[in-house]
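Asks: Need coordinates for the below:
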Amino acid sequence: MKGEAARERVQKLLVTGDNRLKQGVDPAKVRESYEQALAAARDAGLEETIRPLVEIRLADLERLERLARESPQPSPPAS
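Replies: Numbering: from 1, shown residues only. Sure, this is the predicted structure:
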């Protein structure tokens, strides 16, 4: 895949990951989208441009996962 088609594929995968994150989809699926975007960028020779964007997104995802693990779970309603 070359040129504009490669850029569109990378952009679509980044947006898919962003949307999955916003919708609360399993973090593994979000990470998969970002990693696919990076792989597509690598194949198209765009890795140097795209890698920083993916690294920021993955760092944010890890931060959100850590916060979710550390947050206390809500108590069930009293009967």
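
Asks: how about stretch 45-53: buried residues?
Replies: Using 16 or more other C-beta atoms under 10 Å as the test for burial, stretch 45-53 gives Leu46, Ile50. In short, each C-beta sits where N, CA and C put it, glycine included.

Asks: mind showing which ranges of the protein have poor pLDDT?
Replies: Along the chain, segments meeting pLDDT under 70 span 1-2, 73-74, 79.

Asks: those helices in it, which residues are they?
Replies: 3-23, 27-43, 47-70 (DSSP state H).

Asks: Any idea how far the last one is from the middle of the chain?
Replies: It stands for helix 47-70. Taking C-alpha atoms, centre = their mean, to the nearest Å, one finds helix 47-70 lying 7 Å from the centre of the chain it belongs to.

Asks: other SSEs contacting that helix?
Replies: helix 3-23, helix 27-43 (3 or more C-beta pairs under 8 Å, 6 or more residues apart in numbering; DSSP states H and E).

Asks: So which residues make contact with it?
Replies: 10, 14, 17-18, 21, 27, 30-31, 34-35, 37-38, 41 (C-beta atoms under 8 Å, 6 or more residues apart in numbering).

Asks: Relative to Asp18, how far out is Ala40?
Replies: From Ala40 over to Asp18 the distance is 15 Å, taken as C-beta to C-beta, to the nearest Å.

Asks: now swap in Ile56 and tell me
Replies: In terms of C-beta to C-beta, Ile56 sits 11 Å off from Asp18.

Asks: same check, this time on Leu61
Replies: Counting by C-beta to C-beta - Leu61 and Asp18 are separated by 10 Å.

Asks: And Asp60, by the same measure?
Replies: 10 Å.

Asks: swap in Leu64?
Replies: 13 Å.

Asks: How about Asp26?
Replies: 15 Å.

Asks: returning to what we had before: higher neighbour count, Ile56 and Asp18?
Replies: Neighbours per residue (other C-beta atoms under 10 Å) separate Ile56 from Asp18, with Asp18 holding more: 15 against 11.

Asks: List the contacts of the more buried one.
Replies: Applying C-beta under 8 Å, 6+ apart to Asp18 gives the contacts Arg57.

Asks: Noted, bye for now.
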